Structure formats: structure tokens, C-alpha cells
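[1] coords please:
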Amino acid sequence: MGIQNAIISIFVILFAITVHEASHGWAALKLGDETAYRMGRVTLNPIRHIDPIGTILLPAMLIIMGQPPFGWAKPVPVNPLNLKDPRRDNLIISIAGPASNIAVAVVAFIILKIILNLNPSLFYGGGFAKLLSPIIQILYLTILLNVILAIFNLIPIPPLDGSGVVMGLISEEAAEKYEQIRPYGFFILILLIMTGFIGRILGVVLRIVNSFIY
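    So this is what the prediction gives:
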């Protein structure tokens, strides 16, 4: 990954994570829980959401390794006592983050396609390529990294959003048993990253995204 792509990736992933977490807080607020709002987490200020490992260390390591970066931010606090239907509402709050990333990716995809349809050579060089190349890179990485972030967070391992979705879909008895893996979730996640399992999943995502763009 070149220096320009690395710099753009840092800002794009930071924006993606910020939108992701703010969407969790916004969904919780709309469903009756003001906890995140009162803590200043329903905001697009990235400083409010930064997690030293998930937002800084992991993405930086992946960029250095030449891999598409992904990560996580500080979990948005939710008080289930403020929700009318905790199981249903927690599912909605969990899915709000990945859904927001997909929405951002779709908007960036539409803009990119409009640019390429106006002048396809812009993507491959020539014409105004030097002028618009950074814009096209930003749009491409916005699509790619937001989709990757959404898919990564939908992995059903606590504390990722996928675990909240699963707990909202299974029975209460099964959810209680499922919750028992939460203390080990971070270690399971690191193991899956180190063994390359998550990398292979995201590699498939990368190929699918590229097939739509190229």
C-alpha cells in the first residue's frame, strides 16, 4: 500500500468507525436510551469514539502489512432498562452501525460510478486523471473500507455487533448461554485475526467489491 493510499485509508477508516459508533448511539437515543447521548457519543467527533487498540493500533498494523485496515471503537454504552423491548431494540442498535457503513459505501459507489461514466479513462489514467485521482482513491477506499468494517463487525463474536444481532434472534435461554463466551470474545477475535481466518473472509469481500467497481 502506497503512502498516499495509507494516509487516505487512515482518515477513511477513522470516519467509517466514527459514523458506525454514532449510529449506534443515535439508534439507542431514538429507542429511548439517552445514555450514549449524555456521554457525548452521538457525535461525528472521532475523538469521542477512539479505542487505542481497535481504532489506532490494529488499523496501523494492517496498513504497514499492506492489508486493508479494519477495527473497532469504544463500545457505545446502552442501558437496557431504558428500552421498551430490550431484545428487539438491542438488535436494532447492533445492526445500526454496520447498516450506516453500508449506506456510506452505497453513496460513495454511486458518486464513483457517475464520475467513471462521465469519463471512464479517469480511473485508468489520462485526461484529468492527475486532478481527480485522489478523489477517486478516496471514493474507492470509502466503499471498500466501509464494507469491510460492516462485515467485520457482523462476525458473531462478542463484543462485535454480530453478537448483539444473534442474541436478538435466538431464545432467551440460548442467549444466556451465548453470553457466557463474552469474557473470551476478544481473545477469540485476536486468534482468528492471527490465524488469517478473518483475512480470508475479508479477501472474499475485497474481490466482490472490486467486481462491482471494475
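
[2] CA only for contacts and neighbour counts going forward, please
    Noted.

[3] and the closest residue to Asn82 other than its chain neighbours, what element?
    What sits nearest to Asn82 in space, not counting adjacent residues and going by CA to CA, 6 or more residues apart in numbering, is Asp33, at 5.1 Å. Using DSSP states H and E, Asp33 maps to neither a helix nor a strand.

[4] three-state assignment of Val78?
    What DSSP: H, G, I helix; E, B strand; the rest coil gives for Val78 is coil.

[5] Also Trp72?
    coil.

[6] give me every residue that touches it.
    Shown in contact with Trp72 (CA atoms under 8 Å, 6 or more residues apart in numbering): Ile17, Asp51, Gly54, Thr55, Asn153.

[7] Just name the closest of those residues to Ala103, please.
    Ile17 (13.2 Å; CA to CA).

[8] I'd like the distance between the closest one and Ile47.
    Going from Ile17 to Ile47 by CA to CA, to the nearest Å gives 11 Å.

[9] remind me which residues of the protein are low pLDDT?
    Scanning the chain for pLDDT under 70 picks out 1-2, 119-132.

[10] Tell me where it has strands.
    Read by DSSP state E, the chain holds no strands at all.

[11] which residues of the chain fall in helices?
    Along the chain, counting by DSSP state H, helices occupy 3-30, 35-38, 58-64, 86-118, 121-124, 129-153, 161-169, 172-179, 185-194, 197-213.

[12] For the residue nearest to the spatial centre of the chain, which residues are in contact?
    Per CA atoms, centre = their mean, the C-alpha nearest to the average position across the chain is that of Leu149, at 2.8 Å. By CA under 8 Å, 6+ apart, the residues touching Leu149 are Ala16, Ile17, Phe70, Gly71, Pro98, Asn101.

[13] show me the contacts for the fifth one.
    For Pro98, the contacting residues are His20, Leu149, Ala150, Ile151, Asn153, Leu154, Asp161, by CA under 8 Å, 6+ apart.

[14] Report the separation between it and Trp72.
    11 Å.

[15] Repeat that for the last one.
    The span separating Asn101 from Trp72 equals 13 Å under the rule CA to CA.

[16] Ok, the second one next?
    Distance of Ile17 to Trp72, given as CA to CA: 7 Å.

[17] Look at Asn117 and say how many residues are nearby.
    By other CA atoms under 10 Å, 11 other residues sit near Asn117.

[18] separation between it and Ser133?
    Taking CA to CA, one finds Asn117 at 15 Å from Ser133.
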